[in-house]
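>>> Return atomic coordinates for the entry below.
(4 chains)
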There are 2 protein chains.
Amino acid sequence: MPHRDSSVRYWPDGGMAAYPEAPTNLQVLRASTLLNSLTEDQISDLGGVSHMAYAERAETIWINGSDVDFFGVVGIGFVKMTRSTAAGHDVTTELMGPGQVFGLLGALEGSGCPQTAKAVCNTWYLKVPKRRFFDVYRENLVLKEALVRRTTTRLRSSYEMIARMSTGKVDQRIAAILFMVAESYGTEDGKTIRINVPLTRQDIAEMAGTTVESTIRVMSAWQKKKWIETESRTISILNPDSLAELI
Amino acid sequence: MPHRDSSVRYWPDGGMAAYPEAPTNLQVLRASTLLNSLTEDQISDLGGVSHMAYAERAETIWINGSDVDFFGVVGIGFVKMTRSTAAGHDVTTELMGPGQVFGLLGALEGSGCPQTAKAVCNTWYLKVPKRRFFDVYRENLVLKEALVRRTTTRLRSSYEMIARMSTGKVDQRIAAILFMVAESYGTEDGKTIRINVPLTRQDIAEMAGTTVESTIRVMSAWQKKKWIETESRTISILNPDSLAELI
DNA sequence: TTGAAACTATGACGGCCATCATGTCCTAGT
DNA sequence: ACTAGGACATGATGGCCGTCATAGTTTCAA
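Okay, the predicted model is just below:
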């Protein structure tokens, strides 16, 4: 299922002394599956009032509950949407990659953003003012349809998550997460699947709803079995079959 | 937050020798928050091609993956949407009550219904043919907007679920489930909140992603503490404060 | 280059909870 | 009324995994 072209750049590499090259506003808007249904005029219109922003790895873009007057479109990099429980644990519910729109959810019904947005790695993203977007959105049947489809898809995969996370052992949950991320951001090379997101064990633990230690234990065991491989935060699944039959 | 009028009938009571009185097609359509945005003409149109159906407690309305040519609107009773994991456990992701539309999700993008629908109690529901609905839907801005809102709300609460279920002890999860159900289908009477859904411990276990035994243990303990009370599958929260501070 | 911080790794221990087993009570249908 | 099946209840047991502790390794900025 991994479908992306391996030549695509997912995140800014190299040091950060000089900012990695930012994409242009229009590039980002056109790359968005949700927004590229707009007309050229509308896109350049929105592009004109939006502005590119940069978030460093682990930087918080906004806290949950806060009222923000923009939503984001990931340009290069990754943003995770998290929620923190009363016990103080952060749980990651979604991982947004290049072209993905984030923070639009709360926007539609006015109520604040229910989730915290945090950069997984150094990330360029476009801040689009909500107000301007609504002007386009309100009467746009195609856009509404696109939005329905997008939320529907997310809803479906979030049910998948609930089913996987609320039952199942830790190793199953982690395996499920790996496949889920690979599904969106993986590239195949023969049997091995390379996950093009720089994820720490902590990141994975938050997605799987477990602890760093357990995640490390499980993944270390897999590494010894040559099922997976990690090099500088990039995970490759060497033996998808074995991993899959865990689930 | 429980907001319903206690005079509303949530499910057919009494024996089933004679079917409890069915609501009419139009009653159900008008009671639906999603569909009542339609014009009178459209409603009576849809009402004409739909037909009322009855499902007994625990009856399966459709299996996941199957292609069904209708979606449902709950008239009287409750329907749960479940998914079963590879391990054979059923996980309930949503509980749909009177006026709620179910099974529309998969319909919009053609792919089969991702979840199994099962009656929680004896239930009257309206089967609305998808094809006819699409004719109305396709060009209807208001309906699309309503759908976006509905999906958005569901998405939000499903993220809530993920956060709650993937972390947290069993008692916290169960408490969270009770409040979540009470939020939608509870009626307040002084301090006590009565949950107007006939749920077994098994039902609750499936929602909390745990086992019947654990659920029984936890809820029995609460009963001894007079925090909750059960009479013939109807749960009342006597002491919401104590229960809430578990979470 | 170097040092600090973050990440990965591994062990010990204890509590939670899934599983199995057994029994009572309630409900529904003959 | 009687019986069968489902729901509720409770105990015993063992393994998973969260927590704490400690140490090695990588990353990155100065």
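>>> Point me to the residue sitting closest to the centre of chain A.
residue A:96 (1.8 Å; Cα atoms, centre = their mean).
>>> That residue and DNA strand D, how far apart?
20 Å (Cβ to the nearest atom of the strand, to the nearest Å). (Each C-beta comes from the backbone N, C-alpha and C, glycine too.)
>>> which strand residues sit across from that residue in the sheet?
residue A:79 (DSSP bridges).
>>> Enumerate every residue touching it.
Applying Cβ atoms under 8 Å, 6 or more residues apart in numbering or on different chains to residue A:96 gives the contacts A:74, A:78-81, A:102.
>>> any idea how far it lies from chain B?
13 Å (Cβ to the nearest Cβ, to the nearest Å).
>>> now residue A:53
From residue A:53 to chain B the distance is 24 Å (Cβ to the nearest Cβ).
>>> Enumerate every residue touching that residue.
A:72, A:124-127.
>>> Over to residue A:31?
A:23, A:75, A:98-99.
>>> With respect to residue B:192, which of the contacts of residue A:96 is nearest?
The closest of those to residue B:192 turns out to be residue A:81 (Cβ to Cβ; 36.1 Å).
>>> I'd guessed the closest one sits against residue A:113; true?
No: the criterion here is Cβ atoms under 8 Å, and residue A:81 misses it with residue A:113 at 9.1 Å.
>>> Go through the helix or strand of chain A with the lowest mean pLDDT and flag the buried ones.
Lowest by mean pLDDT, DSSP states H and E among the helices and strands of chain A is helix A:104-108, with a mean of 79. Burial within helix A:104-108, assessed by neighbour count using 16 or more other Cβ atoms under 10 Å in any protein chain shown, is assigned to A:104-108.
>>> Within range of DNA strand C, give me the residues from chain A.
Contact residues (Cβ under 7 Å from any atom of the strand) of chain A with DNA strand C: A:58, A:200-202, A:212-213, A:216-217, A:219-220, A:223, A:230, A:233.
>>> picking up where we left off before, which of the contacts of residue A:96 lies closest to DNA strand C?
residue A:80 (12.6 Å; Cβ to the nearest atom of the strand).
>>> Near that closest one, how many other residues are there?
Using other Cβ atoms under 10 Å in any protein chain shown, residue A:80 is surrounded by 23 other residues.
>>> any idea how chain A splits into domains?
According to automatic domain parsing, chain A is divided into the following domains: A:25-165, A:168-244.
>>> Residue A:44 against residue A:35, yeah?
No: the criterion here is Cβ under 8 Å, and residue A:44 misses it with residue A:35 at 11.9 Å.
>>> neighbour-wise, which of those two wins?
residue A:35 (23 against 13).
>>> ok, the more buried one - contacts?
Applying Cβ under 8 Å, 6+ apart, the residues near residue A:35 are A:29, A:43, A:46, A:73, A:101.
>>> Show only the entries of these found in helices.
A:29, A:43, A:46 (DSSP state H).
>>> Closest to DNA strand D out of the residues you listed?
Closest to DNA strand D, out of all of the ones in helices among the contacts of residue A:35 and judged by Cβ to the nearest atom of the strand, is residue A:29, at 28.9 Å.
>>> near chain B at all, stretch A:186-206?
No: between stretch A:186-206 and chain B, judged by Cβ under 8 Å from any Cβ of the partner chain, nothing touches; the nearest distance is 9.3 Å.
>>> hey, where'd the strands end up in chain A?
Remark: strands assigned in chain A by DSSP state E are A:51-55, A:60-62, A:70-76, A:79-84, A:90-96, A:101-102, A:116-119, A:123-129, A:186-189, A:192-195, A:228-231, A:234-237.
>>> Kindly reformat these as JSON lines containing mean pLDDT.
Below are the strands of chain A laid out as JSON lines (pLDDT from 0 to 100):
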{"stretch": "strand A:51-55", "mean pLDDT": "94"}
{"stretch": "strand A:60-62", "mean pLDDT": "93"}
{"stretch": "strand A:70-76", "mean pLDDT": "95"}
{"stretch": "strand A:79-84", "mean pLDDT": "94"}
{"stretch": "strand A:90-96", "mean pLDDT": "95"}
{"stretch": "strand A:101-102", "mean pLDDT": "95"}
{"stretch": "strand A:116-119", "mean pLDDT": "95"}
{"stretch": "strand A:123-129", "mean pLDDT": "95"}
{"stretch": "strand A:186-189", "mean pLDDT": "94"}
{"stretch": "strand A:192-195", "mean pLDDT": "96"}
{"stretch": "strand A:228-231", "mean pLDDT": "94"}
{"stretch": "strand A:234-237", "mean pLDDT": "96"}
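>>> quick one: which of those is nearest residue B:179?
Of all the strands of chain A, strand A:79-84 comes closest under Cβ to Cβ, at 16.4 Å.
>>> Quick one: distance of that closest one to the chain centre.
9 Å (Cα atoms, centre = their mean, to the nearest Å).
>>> pLDDT below threshold where in chain A?
A:1-20, A:110 (pLDDT under 70).
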